[in-house]
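A predicted structure for the sequence below; I have some questions about it.
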Amino acid sequence: MPRLRSFRIVLLALITAPLTAARPVPHDVWIGTAIAVNGSAMRGDLEMFAGKAANTTFVELAQRNDAPGAVRTWRVRHGTCAKPGTAFGDAAAYPVIRIGGDGKGVGTVTLRLALPDTGGFHVAVAASPRDSRRVACGDLVLED
């Protein structure tokens, strides 16, 4: 009987090995740069990658060359800057970014969603919590 069990294990390994090897490897990081829509020097560098807990996504947006004292709202959204879609994750989960006297500010959020490895995404930065006018936008790409 032990010989039959060993044979089954070897047979199962041979059958499933090609299936495992054919699976695509998920990408690790989405990156993008939000560029000011008015031509100013304001920029926001975004990284989106798998969170520490299962089925979570960590997102960080680092603003620079922004107006000191500004308070920005931001979201990762489905689609592109040219053709925006809905928010990726709970829109209320994204904290505001407070811009310091040096024109810099950072926002981070951990979303309760698995990191996607397909699709189209962009980051949109709004003027303030009370003014949803877009001041910067940037499409995200998968980093290989």
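Structure received.

Just give the closest residue to the residue nearest the centre of the chain, not the sequence neighbours.
With distances taken as Cα atoms, centre = their mean, M48 lies nearest the centre of the chain, 3.1 Å away. Take M48 and drop its neighbours on the chain: the residue closest to it by Cβ to Cβ, 6 or more residues apart in numbering is W30, 4.1 Å away. Just so you know, the C-beta spots here come from the backbone N, C-alpha and C atoms, and that holds for glycine as well.

do G69 as well
I99 (6.4 Å).

if I pick that neighbour, what's in contact with it?
The contact partners of I99, by Cβ atoms under 8 Å, 6 or more residues apart in numbering, come to 63, 66-72, 105.

Dump these into CSV; add pLDDT, distance to A124 and secondary structure as well.
Output for the contacts of I99, formatted as CSV (pLDDT from 0 to 100; distance: Cβ to Cβ, whole Å; DSSP: H, G, I helix; E, B strand; the rest coil):
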residue, pLDDT, distance to A124, secondary structure
Q63, 98, 13, strand
D66, 98, 15, coil
A67, 97, 17, coil
P68, 98, 22, coil
G69, 98, 21, coil
A70, 98, 15, coil
V71, 98, 15, strand
R72, 98, 10, strand
G105, 98, 16, strand
